[in-house]
Structure formats: C-alpha cells, structure tokens
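**Q** Just the structure for this:
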Amino acid sequence: MSHSHSHNHSNHNHSNLKGRNLVISILLNIVITVAQVIGGLLSGSLSLLSDALHNFTDVLSLIVSYIANVLAKKSASLQRTFGFKRAEILAAFVNASTLIIIAVLLIIEAIKRFQNPVEIESNLVIWLSLLAIFANGFSVLLLKKDAAKNMNMRSAYLHLLTDMLASVAVLIGGLLMKFYEIFWVDTVLTLVIALYLVWVGFDLLKDSFRVLMLFTPEDIHVKDIIKEVQQIESIKNVHHVHVWQLNEDEVHLEAHIDFKDNISLSEFDKILEDIEEILYHKFKINHVNIQPEFGKCDAKDIIVQD
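**A** Numbers count the residues shown, from 1 in each chain. Predicted structure coming up:
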C-alpha cells in the first residue's frame, strides 16, 4: 500500500492560521447578528431580519467549521484508524444543508410579507447593512484563499459571501425605501437572497454528499485507470476496483490485479511502484492498495458487488 503524506511544520502553521481566521469571523458575525436583530425589530424590515437570521447561521456554520478544523488535526488511533479526516467534509455537508433550510424559511416569510406589507424605517436598515457589508467583507477576504482548496472552508466562505451579498441587497432596498418609498422591494430582495442561497447551497451539498457516500470523484474515470494500468506488460486483468475521496487531500484506490505469471514479491514491488506513478501523475490518486493474484478463480469484473 502506498501513501503520499505531507505532515510538515508549514502545514501545521497554515492549519492554525485557518483556525484563527475562523475565530475572527465568528466574533464579527456575532456582533453583526445582534445588531441586525435589534435593528430589524425596531425598523420592521424583513430583509434585515432575514439577513440577521442568515448571519446567525453563519455563526453556527463557522463554529462547526472551526470544530471540524480542530478535529481534522487529531492523530489516528486503533479505534479511529483514519482519525477525524472526514470531519471537515461532514461540516461542509451540515453547513450546506443549513443554507438551503434557511432559504426555504426566508421564502415562506417573504410570501407572508407580500400578503401583509408594512412600512419600514429605512435609515436603520441602511446603516446596519453597511456594517454587515464591511464586517462580512473582511471575513470573506480572510477565508478566500483556503476556500479554493478546502471544502469545509468553502462552506464557511460561501455562508459569509452570500451574507455579504445579501447585505448589499438590503442596502439597495434601504436606499430605495428612503428616497422612493418603495417598501415592497424589501420583500423582493428577501426572495432573491433566498433563491441565491438555494443555488450555492445545493452545489456544495452535492459535492460533500458525493465524498461522504464514497462516490468516485467526478474528474476520475475508472475505465481510463484500467486502460492505463493494463498497459503494463505483466498485468493480465484489473478488477474489483474502488476509488473514493477521503477528504480534500486524499484520493484512495483499491483493486485486485491478476498477473500473467507467478511473479516474486520483489517483482510485484517494482510493478507496484510503476502503478503508483501512473495513478498519482495521471489521476492524482495518492493512496493505493493492490491485492495481487495469479490464477485465482474469482469475479473479474471491474466493479464487483460486495
């Protein structure tokens, strides 16, 4: 079995930096949430209250992301042979689910407000939305780099990004209400925010669900793997293949390989090195587990129903 690890000091420092950025974002969002709840109740703005509700989910999602980030650094043990490497994927799934749930609740509230429109204190809406834009914008910048390569950080980043965009929408609505008295725009903006949450949340939910269910990564085609590996002269057949993604950094493959000749263990080790090179450089698979066989009577299908 082959492994490609990178447990170095720089990775440890980078993980600590991620944790610090998450803590800063959590504190900022707690301040925003409290301010917006008070402001929404005083002004009567549904979009401001919806933004506050989304900010509250941001706080929860960021806490979940932070806990997952801490757990992911824990070492493996006899009881947890993979450690908590899936913690961040699970956090991404939970956070994506909350995005969609909150969106549905916002749509319901917006429909109710359409039926019973109210006048809104726009000045408070404007100032509080500006506060949220600056605070969430700063948090977005803190998490942007890690969001590109970590699903957990991407889930936190999306919560913050969508909330910043929602605050921009609330600001626009506040200005329209102040200068043109178009109060229905508050409800329309709530619907727009909710639909956007469904869009980004579903995409992340789908990606994290695929990893949790051990599906083959979308950019890897098993038949292409078989074709490449079977080009090695001594290999007769590749079968009983499983390919899955453990977390953001690890893609695993296990397979049975039927050899043409009854080769020695040292010969197998050399062929295994060749297989590992092919799988890593062409498919980015960095954990390989091969079961060698010769003349064994078993199913030779690529996918065997265990």
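**Q** can you give me phi and psi for Gln291?
**A** phi -100, psi 110 (degrees, to the nearest 10).
**Q** helix or strand right after the worst-scoring helix or strand of the chain on mean pLDDT?
**A** The weakest-scoring helix or strand in the chain, judged by mean pLDDT, DSSP states H and E, is strand 2-3 (a mean of 46). From strand 2-3 onward toward the C-terminus, using DSSP states H and E, the following helix or strand is helix 9-43.
**Q** For Phe301, the count of nearby residues, please.
**A** Slight slip there: residue 301 is Asp, not Phe. As a burial measure, Asp301 scores 11 neighbours (other C-beta atoms under 10 Å). In short, each C-beta sits where N, CA and C put it, glycine included.
**Q** That one contacts His240, correct?
**A** Yes: between Asp301 and His240 there is a contact at 7.5 Å, judged by C-beta atoms under 8 Å.
**Q** Just confirm Pro217 is within a helix.
**A** No: assessed with DSSP: H, G, I helix; E, B strand; the rest coil, Pro217 is coil; it does not lie in a helix.
**Q** Once you drop chain neighbours, what's closest to it?
**A** Nearest residue to Pro217, sequence neighbours excluded (C-beta to C-beta, 6 or more residues apart in numbering): Gln245, at 5.1 Å.
**Q** Next up, the contacts around that neighbour.
**A** Contacts here follow C-beta atoms under 8 Å, 6 or more residues apart in numbering; on that basis Gln245 touches Arg210, Val211, Pro217, Val251, His252.
**Q** Which stretches in this structure count as helices?
**A** Counting by DSSP state H, the chain has helices at residues 9-43, 46-72, 87-115, 122-147, 151-180, 185-212, 222-229, 265-283.
**Q** Pull out the buried positions in the second one.
**A** Within helix 46-72, the residues scored as buried using 16 or more other C-beta atoms under 10 Å are 46-66, 68-69, 71-72.
**Q** quick one: low-confidence parts of the protein?
**A** 1-16, 47, 51, 54, 117-121, 186, 306 (pLDDT under 70).
**Q** Just the terminal-to-terminal distance for stretch 217-231.
**A** With C-alpha to C-alpha, to the nearest Å as the measure, stretch 217-231 spans 23 Å from end to end.
**Q** Can you give the distance from it to the centre of its chain?
**A** 25 Å (C-alpha atoms, centre = their mean, to the nearest Å).
**Q** residues making contact with it?
**A** Contacts of stretch 217-231 (C-beta under 8 Å, 6+ apart): 210, 216, 235, 237-238, 241, 243-245, 251, 253, 255, 257, 275, 278-279, 282-285, 302-303.
**Q** Thanks again, I'm all set now.
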